[in-house]
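*Asks:* fold the stuff below for me.
(2 chains)
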Number of protein chains: 2
Amino acid sequence: MSRPKLQDVAAHAGVSVTTVSRVLNNRGYLSDDIRRRVDDAVTALGYRPNEIARSLIGQRSTLVGLIVPTVADPFFGELATHVEGALAESGYKMLLCDCHDTPEREERYLDLLQGNRVDGIISSTHNRDVAGYGRADLPIVAIDRRLSEGIPTVHSDNRTGGLLAAEHLISRGSRSPVHITATDHPGNARAAAYREVMDRHGLEPRVMAYGYDTPVDRRRAAIETWLTLNPADGVFASDDLTALMALDWARKTGRRVPDDLRIVGYDGAAALRMAVPGLTTVRQPIERMAARAVDLLRARMADATLTEVEEEPLPVELLQGWTS
Amino acid sequence: MSRPKLQDVAAHAGVSVTTVSRVLNNRGYLSDDIRRRVDDAVTALGYRPNEIARSLIGQRSTLVGLIVPTVADPFFGELATHVEGALAESGYKMLLCDCHDTPEREERYLDLLQGNRVDGIISSTHNRDVAGYGRADLPIVAIDRRLSEGIPTVHSDNRTGGLLAAEHLISRGSRSPVHITATDHPGNARAAAYREVMDRHGLEPRVMAYGYDTPVDRRRAAIETWLTLNPADGVFASDDLTALMALDWARKTGRRVPDDLRIVGYDGAAALRMAVPGLTTVRQPIERMAARAVDLLRARMADATLTEVEEEPLPVELLQGWTS
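*Replies:* Predicted coordinates for the structure are as follows:
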């Protein structure tokens, strides 16, 4: 009888060849039952993997892919810097997968990264309905987004951030602050916190959502139109660039900031802090988020059986400037 | 007699083993004379390279390394987005090498990229005295910096940019504009253009150089001190973030912009245009610079004998906002 092949093990265990390969290479998420059946088949048949092929297959690429909407955005640029730095310290190189803000690219990158056998993926995008994450068979960590069952998410404390921003506006005298955000869905913790604070103070919450896909010029026009038609004495924007659009509208229309309009942004990326240090903002701990994502990914790359996905949110802080 | 080895070819040709390897793999810059001597030695000895090893060595990684100061800076973030996009279109993946603004990291990345056999490198950094580029034996293209003999540089028209900025300030009524830049060295075409325009108008040029290595807080303090001690009615800053520091100083000290102080920045990265659309700036064609760098690199990866390094500068444009 010839030496047993991978196909024989798969047939004996009643699973696919791919599954056998995953068990042997300890990749992906596998139930204990599957592992046991494959192990039993290996033992029963006396299967010995081709060591050279196996070493090639099992070889670590020391490559990690980072998927982001675009590093042209200062928040994601800063995130990429810190992810890259933390990976470099651990001996990993980073493939930058810049989605140019489109979901199609994200799907393509996900396939590409798996085809190139990166050791893991860190993903931080806005795109919804990218199905590939659920099918991926390598370690993945998400930043600020729930990708799929079993994938841990690193995030900062969006609820506290929303509470801080809304309470701050009201403490500064605002009685009709609006919340401007990309999408107002049930999972949006910042918007929920804003509504909670408004309710607590007996004020009417108003959320202006412009949609992630809106091009910059149209986003600006939509926000300016809203602010013109719906008088507000405060703006809590869900990112700093949007807050700065409100600031520019105030300048153009002669509103005094903060007397007529108090403005609070979100994120606190260093480049925009440097550009407009006076903008009040809720700063996310970008470097800590990056470091935590790399730590979680390393743990999963070392032990593919890890399934813990609950993550304590990292703390945020409100930085007050002259805009509020 | 045993089969001839690489060492025998090298001894016969009177060159190093590395040089023989480069000729056989068509990598790096080699004179016709060297190529001929190696070819003759190969023929004379009947040398046949180990085909398996050679296929491994000659294998394309389809990886390109991008070395930048940091993608947390909006200009380099935008550059990285476009370099990545142009590489992806050509079937290449991009390793992001973010120097976190330190020369030590740049040297390390250069070694790392060569050790990992990337197919080529695109480098855009401020660091001086990084010796590794001269020794590197793979295709390299520089953006806005002369790295070493034989390495082509893509750049936009810094001289015209400097002329546009300085002439604009004077046309807007400024009689004592200062040029603020990182380093004021003889190769700084923007500073030279500023001086040329000042001379042409019989005005005294003043250049304030703060040094690339200056941390942000100290840079801001140095610029504010200079502006306080040296009255100026105009600022031509060599990048937009520095221009915005001057704008913030004017706000804090009650200067009216543009009546008391006209301000012009440089670069025009989209994120800062979005943040402060009113800042007058000289916009570099960042996407075209990225595409041109990728084109040049692809040409060199296809033909390592290319030595043409002269590049026409790409055009810039002045965008006027309310700061001037």
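
*Asks:* quick one: contacts for the residue of chain A found nearest chain B?
*Replies:* Sorted by distance to chain B under C-beta to the nearest C-beta, the residues of chain A start with A:Gly77, at 3.5 Å. (Each C-beta comes from the backbone N, C-alpha and C, glycine too.) Residues in contact with A:Gly77 (C-beta atoms under 8 Å, 6 or more residues apart in numbering or on different chains) are A:Val71, A:Ala269, A:Ala271, B:Thr70, B:Val71, B:Ala72, B:Asp73, B:Pro74, B:Phe76, B:Gly77, B:Ala80.

*Asks:* state the distance from it to A:Leu244.
*Replies:* 16 Å (C-beta to C-beta, to the nearest Å).

*Asks:* before we move on, what about A:His12?
*Replies:* Distance, A:His12 to A:Leu244, by C-beta to C-beta: 63 Å.

*Asks:* neighbour count winner among these two?
*Replies:* Taking neighbours as other C-beta atoms under 10 Å in any protein chain shown, A:His12 and A:Leu244 compare with A:Leu244 leading, 23 against 18.

*Asks:* residues in contact with that one?
*Replies:* By C-beta under 8 Å, 6+ apart, the neighbours of A:Leu244 are A:Gly265, A:Leu272, A:Val276, A:Leu279, B:Met274, B:Ala275, B:Val276.

*Asks:* in which helix or strand does it reside?
*Replies:* Assigned by DSSP states H and E, A:Leu244 belongs to helix A:240-253.

*Asks:* what does chain A put close to chain B?
*Replies:* Contact residues (C-beta under 8 Å from any C-beta of the partner chain) of chain A with chain B: A:63, A:66, A:70-74, A:76-78, A:80-81, A:84-85, A:93-98, A:100, A:112, A:116, A:216, A:220, A:240-241, A:244-245, A:248, A:251, A:269-272, A:274-278.

*Asks:* which of those fall in helices?
*Replies:* A:74, A:76-78, A:80-81, A:84-85, A:112, A:216, A:220, A:240-241, A:244-245, A:248, A:251, A:270-272, A:274-275 (DSSP state H).

*Asks:* where's A:Ala304, which helix or strand?
*Replies:* Assigning secondary structure by DSSP H and E places A:Ala304 outside every helix and strand.

*Asks:* okay, now it: neighbour count?
*Replies:* 17.

*Asks:* and A:Leu24, by the same measure?
*Replies:* Other residues within reach of A:Leu24, judged by other C-beta under 10 Å, total 18.

*Asks:* any idea how far it lies from A:Val15?
*Replies:* Going from A:Leu24 to A:Val15 by C-beta to C-beta gives 12 Å.

*Asks:* so what sits against both of those two?
*Replies:* Contacts common to A:Leu24 and A:Val15, judged by C-beta under 8 Å, 6+ apart, are A:Val38.

*Asks:* pull out the buried members of the contacts of A:Leu244.
*Replies:* Burial by neighbour count, 16 or more other C-beta atoms under 10 Å in any protein chain shown: within the contacts of A:Leu244 this picks out A:Gly265, A:Leu272, A:Val276, A:Leu279, B:Met274, B:Ala275, B:Val276.

*Asks:* so what are the domain limits for chain A?
*Replies:* The record's domain parsing of chain A by automatic domain parsing lists A:6-58, A:63-155+A:286-313, A:158-283.

*Asks:* redo those domains as CSV? Include mean pLDDT.
*Replies:* Listed next are the domains of chain A as CSV, based on pLDDT from 0 to 100:
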stretch, mean pLDDT
domain A:6-58, 73
domain A:63-155+A:286-313, 88
domain A:158-283, 96
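
*Asks:* want to throw these into TSV with distance to B:Thr305?
*Replies:* As requested, the domains of chain A are exported to TSV (distance: least, C-beta to C-beta, whole Å):
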stretch	distance to B:Thr305
domain A:6-58	33
domain A:63-155+A:286-313	29
domain A:158-283	41
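
*Asks:* which among those domains is found nearest to B:Val235?
*Replies:* B:Val235 lies closest to domain A:158-283 among the domains of chain A, at 15.0 Å (C-beta to C-beta).

*Asks:* list the buried residues of stretch A:192-208.
*Replies:* Quick answer for stretch A:192-208 (16+ other C-beta under 10 Å): A:Ala192, A:Ala193, A:Tyr194, A:Arg195, A:Val197, A:Met198, A:Pro205, A:Arg206, A:Val207, A:Met208.

*Asks:* my error: substitute stretch A:230-245 in the last question.
*Replies:* A:232-245.

*Asks:* and the end-to-end length of it?
*Replies:* Distance between the two ends of stretch A:230-245: 16 Å, counting by C-alpha to C-alpha, to the nearest Å.

*Asks:* distance between it and the chain's centre?
*Replies:* 23 Å (C-alpha atoms, centre = their mean, to the nearest Å).

*Asks:* now do the contacts for A:Val207.
*Replies:* Neighbours of A:Val207 in contact, by C-beta under 8 Å, 6+ apart: A:Val178, A:His179, A:Ile180, A:Thr181, A:Asp184, A:Ala191, A:Tyr194, A:Arg195.

*Asks:* surely the fourth one and A:Val235 touch.
*Replies:* No - in this structure, A:Thr181 is not within contact of A:Val235 by C-beta atoms under 8 Å, at 11.1 Å.

*Asks:* so what touches whichever helix or strand A:Leu296 is part of?
*Replies:* Taking DSSP H and E as the definition, A:Leu296 sits inside helix A:286-302. With C-beta under 8 Å, 6+ apart as the test, helix A:286-302 has contacts from A:64, A:75, A:78-79, A:81-83, A:85-87, A:90, A:119-122, A:139-141, A:143-144, A:152, A:154-156, A:267-269, A:306, A:311, A:314.

*Asks:* can I get stretch A:95-103 in CSV, CA atoms only?
*Replies:* Extracted in CSV, the C-alpha atoms of stretch A:95-103 (Å, rounded to 0.1, in the frame of the first residue of the first chain):
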residue,chain,number,x,y,z
LEU,A,95,1.0,45.6,3.9
LEU,A,96,-1.1,48.8,3.6
CYS,A,97,-4.5,48.1,2.0
ASP,A,98,-6.0,51.5,1.4
CYS,A,99,-9.7,51.1,0.4
HIS,A,100,-10.0,54.6,-1.1
ASP,A,101,-13.3,54.5,0.8
THR,A,102,-14.9,51.8,-1.4
PRO,A,103,-16.3,48.4,-0.2
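
*Asks:* A:Phe75 - how many residues pack around it?
*Replies:* For A:Phe75, the neighbour count with other C-beta under 10 Å is 27.

*Asks:* quick check: it touching A:Ala269?
*Replies:* Yes - with contacts counted by C-beta under 8 Å, A:Phe75 reaches A:Ala269, the gap being 4.6 Å.
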